[in-house]
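>>> Give me coordinates for this.
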Amino acid sequence: MIRRIFVVGLYTGSAHLASIVAISYLLRNLGERTLGFIGLVDATVLIVAGIVSFGIQLSVNRNVALQKSWRSNYHLGQSARFTASLLVVLFGVFSYLFNWDPTKMVYFIAPLIAFNGDYALYGNGKPIHAARLSFFRVLIPYSGLIIVTRYFETDYLPIYVTLIGLGILNSGFFAARINQVSYLFPVDKGFYKFYLKYYKVGLFQISSVLLITGILVVSKGFYTIEVIGLVYGLLKIFEVFKGGLRIIVQAFFKELQHEIVGLKIDKLGILIGAFILIPTIIYTETTLNLLFADAYENKRGMLVLFGIAMLIASFKTSADIRILLQKRDNVNLWSYLFALFVTIIIVIILSGSQYSLYGIPSGLIVGELILLLTLGWNLGRIGFFAQRMIFLLKVSPMLIVSYGIKIVFEPSIFTLVFSSALYAIFVVYVFRKLIFGSAFKNN
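Got it, this is the predicted structure:
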């Protein structure tokens, strides 16, 4: 299993590492206000992508994975996405006239988002190609932003949005060549029929975006831009973590039709989720100082909350995609809508309290917990949770060892790295059959 995941993870992980370096640089040198606007741009990009896709991306990908003749469905989907993107552009024009906001420039790159068909590479069994394109799609805007902010005094947001558009254009063009399909597609007057056909998956997809970085757009009306900047600095780690889990899922998208593969993928996710507790909960202050200097002084609880949310998320690494492949769209829909509703309520309530800094991460924890309970129950009842809790107990001794190292030797970058290395060695040795074995064999 590890070979495919390693190559895919190498590309995507490198891109995510670049994004974290960029976020760290921006927070250290330009402050939380600038980072807040960058976070809102990223959140808006994800929401626009969710609106343009609105179930088409996941549904077409499902058809690509399950059917041999997928191109006709893909063509219809891309035409529908392009047509919807023109409506997003129109909305952006009126929105600009009504109330200027620099983050609204994202609306004008909606057609580029629509034409980007790299998602079909995963369903088509080409995750390495998709990951390679994803690497450049992320690297172009973040590396460009670091260069611009380092050497030029200018308005960063228009340049950043332009770089995002270039990254998406690059990904879409080469994905079309790999899939041997057209890049451009015509307007489809009946596009709404396609959207109505997959509206359940669409609402699920929008909800999933709003339960990660997209929550910043909802929070904009209740939190200051400075608070949003501080939250985004750590939310990016959460997003990268979820992206890491998605790498594993996408690498075995077609095989997730089988329950045994789903369980093994979740176990791999739990190994990562347990590992993330070392930097986020055991060595909280060391991690914050390493990444962001003193930006989070007296705010270490924010990272702890995100660490808890990441562990919860790891238990259901493959859950929603397994349910998607089973065509049980109602389960995903109502699970995500309920989780989103409760998350937004918590975010709004805590925004007016003395704990406003912890409002967004607290809401995300509850949202992840609701998803775990609802999706897990629908996939395997009590057995689903029992299997995963028992597996976590097998990993927990190394977390205790890591905490012991911290107590005995005092927290530092060295003890953080040493504890992480010990955990990695333990996992590779004890769970080598799970990591290196076949996805279809019991380990």
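
>>> can you list contacts of stretch 227-239?
19-20, 23-24, 27, 31-40, 42, 212-213, 215-216, 219-220, 223, 280, 292, 295-296, 299, 302-303, 306, 309-310, 356-357, 360-361, 364 (CB atoms under 8 Å, 6 or more residues apart in numbering). All C-beta spots, glycine's among them, are computed from the backbone N, C-alpha and C.

>>> taking the residues you listed one by one, which sit in helices?
Judged by DSSP state H, these include 19-20, 23-24, 27, 31-40, 42, 215-216, 219, 292, 302-303, 306, 309-310, 360-361, 364 as members of helices.

>>> Just the buried ones out of the residues you listed, please.
When the ones in helices among the contacts of stretch 227-239 are checked for burial by 16 or more other CB atoms under 10 Å, the buried set is 19-20, 23-24, 27, 32, 34-40, 42, 215-216, 219, 292, 302-303, 306, 309-310, 360-361, 364.

>>> For residue 272, grab the count of nearby residues.
By other CB atoms under 10 Å, the residues close to residue 272 number 19.

>>> Could you measure from it over to residue 231?
The gap separating residue 272 from residue 231 is 22 Å, by CB to CB, to the nearest Å.

>>> from the chain's centre, how far out does stretch 170-177 sit?
Going by CA atoms, centre = their mean, to the nearest Å, the spacing between the C-alpha centre of stretch 170-177 and its chain's C-alpha centre is 21 Å.

>>> brain fart, stretch 400-419
The offset between the C-alpha centroid of stretch 400-419 and the centroid of the whole chain comes to 29 Å, using CA atoms, centre = their mean.

>>> buried residues in it?
Of the residues in stretch 400-419, those scored as buried under the neighbour-count criterion (16+ other CB under 10 Å) are 402, 403, 405, 406, 411, 415, 416, 419.

>>> Out of the residues you listed, which comes closest to residue 139?
Each of those was scored against residue 139 by CB to CB, and residue 416 proved nearest at 26.3 Å.

>>> Find the residue closest to that closest one in space, skipping its chain neighbours.
In space, and not counting its chain neighbours, residue 416 is closest to residue 283: 4.5 Å by CB to CB, 6 or more residues apart in numbering.

>>> which residues of this structure score low on pLDDT?
Screening the chain residue by residue with the criterion pLDDT under 70, one finds the ranges 1-9, 57-70, 123-125, 254, 436-443.

>>> ok, back up a step: can you report phi and psi for the residue nearest to residue 416?
Note on residue 283: its backbone torsions stand at phi -120, psi 50 [degrees, to the nearest 10].

>>> show me what contacts it?
By CB under 8 Å, 6+ apart, the residues touching residue 283 are 406, 411, 415, 416, 419.

>>> cool, residue 357 as well?
Residue 357 sits next to 227, 230, 231, 299, 302 when contact means CB under 8 Å, 6+ apart.

>>> are any of the residues you listed buried, and which?
Buried residues within those, defined by neighbour count using 16+ other CB under 10 Å: 227, 230, 231, 302.

>>> Cross-check the contact I'm expecting between residue 19 and residue 240.
Yes - proximity of residue 19 to residue 240 meets the contact threshold set by CB atoms under 8 Å, at 6.8 Å.

>>> For residue 419, give its distance to residue 282.
The spacing between residue 419 and residue 282, counted by CB to CB, is 7 Å.

>>> which residues are common contacts for the two?
Common neighbours of residue 419 and residue 282, using CB under 8 Å, 6+ apart, are 402, 406.

>>> what's stretch 365-384 in contact with?
Contacts of stretch 365-384 (CB under 8 Å, 6+ apart): 211, 262, 305, 308-309, 312-313, 315-316, 319-320, 322-323, 328, 331-332, 334-336, 338-340, 342-343, 346, 385, 387-388.
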